[in-house]
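Peer 1: what follows is a predicted protein model with its sequence.
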Amino acid sequence: MAINMVANHAIRAREDDIIFGLSARANEAIAKYGKENVINSTIGTLLDDDGKLVAFESVYSELQNMNPADIAAYAGLAGIPAFLDAVVKACFMDHRPEGFIRAVATPGGTGAIKNAVVNYTNPGDTFFTASSYWPAYTTIAAENGRNFDTFNLFNEKGTFDFESYKEKFVYYLEKQKRVLAVINTPAHNPTGYTVSDEEWDMIIDLAKEYAAKDPDYRISILVDMAYIDFAGEGDTRTFMEKFGNLPENIMGLFAYSASKGYTMYGLRNGALICVTSNEDLATEFYYSCAHSNRGNWSNGTKGAMQVIANIFADEEKYAKCEEERTKYRKLLATRGAAFMQGVKEVDLPITNYCGGFFVSVLANDPTALCEKLIEKNVFTVPLAEGIRVAICAMKESDCRRLPAIIKEAMNELGM
């Protein structure tokens, strides 16, 4: 008779992560058929046209020139002060909201989301996000005794389904007396959608309406902005100003990922940042999140924090880093345009793509479509309503030809 040694809540499905599994299968195909004959669209990191991970020279030269003792030292629970100042600038740029702002360092955006969930919901509460979502949200919920729900992301026009969002917002606020809404924008994973400023007006106005109805309501809006630094050529930060001067029972939270924005994936560097009209609540945020840090990862990677601090302290270093980011942001935009041209030519059904790392293709049997594409040496990731294409990991020519390959596979499956 089989027994379990782990506690009941820790019994998990015995299966590997699907994305890493598909990536391994893609690498096997590359070894067998050659890199030029395989499209690996599973990887959620930015690769150059030779398939190599993009790592900013401005970031890693700074790390290499650092005193080893400065890299090895502890960073402090909340992060080093120079980093906390710099990461607030990195987050908001020219659109810093009016209000009291504090930051606490975390190991990437994942740590920021975890801290938001733990500190702004109660055990047993439900937080929610859009129906297409990063699967780790459910892991964070399960690991921390919370529940997870979704609203429908797109309406019939292919834009943000505010009515569905409102339904879940009101339901959980009235049920729990507090709500945590997670909005992944700009360049949403996995669709590439960006919530418009007009849609943000509706989201913020709804929060203000209910904040005024009952002073005991606690409303937190978490912006998961992992991909903002590669979200397109336009100004994608204007919405941030809308979080200024809100009622004190509305908390703006921003999960910023320097891991993504500064190509520091494995160094795990990020922060959770709050915006509030109440100074005491900003202080409360700081100490609550620092306490969470201590009970989980203790403190973050000092060397990674110091790199960001150094870049923002030196105009020449900052300019060099921005030059690199601009180069690769334009490369990503070129890939996106190539993919969209291919989509148009074969009438491939996709969701509303605005920019960023990923595009979602609609399909009624995502697993079957993924397997059919593997027969063609194309590797994608199945979603609930389609497949995810990672244009961040593909060269322009592959982005251009992939829609036709996907359409061919769909036709073969009778989709």
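Peer 2: That came through, no problem. Because the structure is a prediction, the values reported are computed rather than measured. Numbering: from 1, shown residues only.
Peer 1: all strands of this structure, in order?
Peer 2: 39-40, 100-106, 126-130, 147-151, 178-184, 218-224, 250-257, 270-276, 358-362, 378-379, 381-382, 386-390 (DSSP state E).
Peer 1: the fourth one packs against which elements?
Peer 2: Counting contacts by 3 or more C-beta pairs under 8 Å, 6 or more residues apart in numbering; DSSP states H and E, the secondary-structure elements packed against strand 147-151 are strand 126-130, helix 136-143, helix 162-176. Just so you know, the C-beta spots here come from the backbone N, C-alpha and C atoms, and that holds for glycine as well.
Peer 1: mean neighbour count for those - can I get that in JSON lines?
Peer 2: Converted to JSON lines, the helices and strands packed on strand 147-151 look like this (neighbours: other C-beta atoms under 10 Å):
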{"stretch": "strand 126-130", "mean neighbour count": "23"}
{"stretch": "helix 136-143", "mean neighbour count": "17"}
{"stretch": "helix 162-176", "mean neighbour count": "17"}
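Peer 1: out of those, which is closest to Lys395?
Peer 2: Nearest to Lys395, of all those, is helix 136-143, at 27.5 Å by C-beta to C-beta.
Peer 1: re earlier: kindly reformat the helices and strands packed on strand 147-151 as TSV containing distance to Cys321 and mean pLDDT.
Peer 2: Listed next are the helices and strands packed on strand 147-151 as TSV, based on distance: least, C-beta to C-beta, whole Å; pLDDT from 0 to 100:
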stretch	distance to Cys321	mean pLDDT
strand 126-130	30	98
helix 136-143	27	95
helix 162-176	35	98
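Peer 1: quick one: closest of those to Phe254.
Peer 2: strand 126-130 (14.9 Å).
Peer 1: orientation of the lengthiest helix in the chain relative to strand 386-390 in degrees?
Peer 2: Assignment by DSSP state H gives helix 315-346 as the longest helix of the chain. If you take axes from the mean of the first three to the mean of the last three C-alpha atoms, to 10 degrees, helix 315-346 sits at 140 degrees to strand 386-390.
Peer 1: for Leu348, which of the helices and strands packed on strand 147-151 is the nearest?
Peer 2: strand 126-130 (21.6 Å).
Peer 1: restrict the closest one to CA atoms and write it as CSV.
Peer 2: These are the backbone C-alpha positions of strand 126-130, laid out as CSV (Å, rounded to 0.1, in the frame of the first residue of the first chain):
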residue,chain,number,x,y,z
THR,A,126,-9.3,34.3,-4.5
PHE,A,127,-7.3,36.6,-6.7
PHE,A,128,-8.0,36.8,-10.4
THR,A,129,-6.5,37.7,-13.8
ALA,A,130,-7.4,37.3,-17.5
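Peer 1: for that strand, which outside residues touch it?
Peer 2: 117, 121, 137, 141, 146-153, 168-169, 172, 176, 179-184, 188, 224 (C-beta atoms under 8 Å, 6 or more residues apart in numbering).
Peer 1: cool, stretch 280-298 as well?
Peer 2: Outside stretch 280-298, the residues touching it (C-beta under 8 Å, 6+ apart) are 77-78, 100-102, 104-107, 111, 114-115, 118-119, 248, 251, 272, 274, 276, 299-300.
Peer 1: how close does the residue nearest to Gly355 when sequence neighbours are not counted sit to Asn352?
Peer 2: Spatial nearest neighbour of Gly355, chain neighbours left out: Gly232 (3.4 Å); criterion: C-beta to C-beta, 6 or more residues apart in numbering. For Gly232, the distance to Asn352 (C-beta to C-beta, to the nearest Å) stands at 13 Å.
Peer 1: between those two, who's got more neighbours?
Peer 2: Looking at Gly232 and Asn352 with other C-beta atoms under 10 Å, you find the greater number of neighbours at Gly232, namely 19 against 16.
Peer 1: thought the more buried one was touching Ala333?
Peer 2: Yes. Between Gly232 and Ala333 there is a contact under C-beta atoms under 8 Å: 6.4 Å.
Peer 1: quick check: neighbours shared by the two?
Peer 2: Gly355.
Peer 1: quick one, what contacts Lys372?
Peer 2: Counted by C-beta under 8 Å, 6+ apart, Lys372 has contacts 409, 412-413.
Peer 1: residues touching the residue most central in space within the chain, list them.
Peer 2: Residue closest to the average C-alpha location in the chain (C-alpha atoms, centre = their mean): Ala226, at 3.6 Å. Neighbour list for Ala226: 109, 184, 189, 255, 257, 260 [criterion: C-beta under 8 Å, 6+ apart].
Peer 1: rerun at 6 Å
Peer 2: Applying C-beta atoms under 6 Å, 6 or more residues apart in numbering, we find Ala226 in contact with 109, 257, 260.
Peer 1: just the closest of those to Ile203, please.
Peer 2: Gly109 (20.1 Å).
Peer 1: for the closest one, which non-adjacent residue is spatially closest?
Peer 2: Ser257 (3.5 Å).
Peer 1: next, the contact list for the one you found, please.
Peer 2: Per C-beta under 6 Å, 6+ apart, neighbours of Ser257: 108-109, 226, 270.
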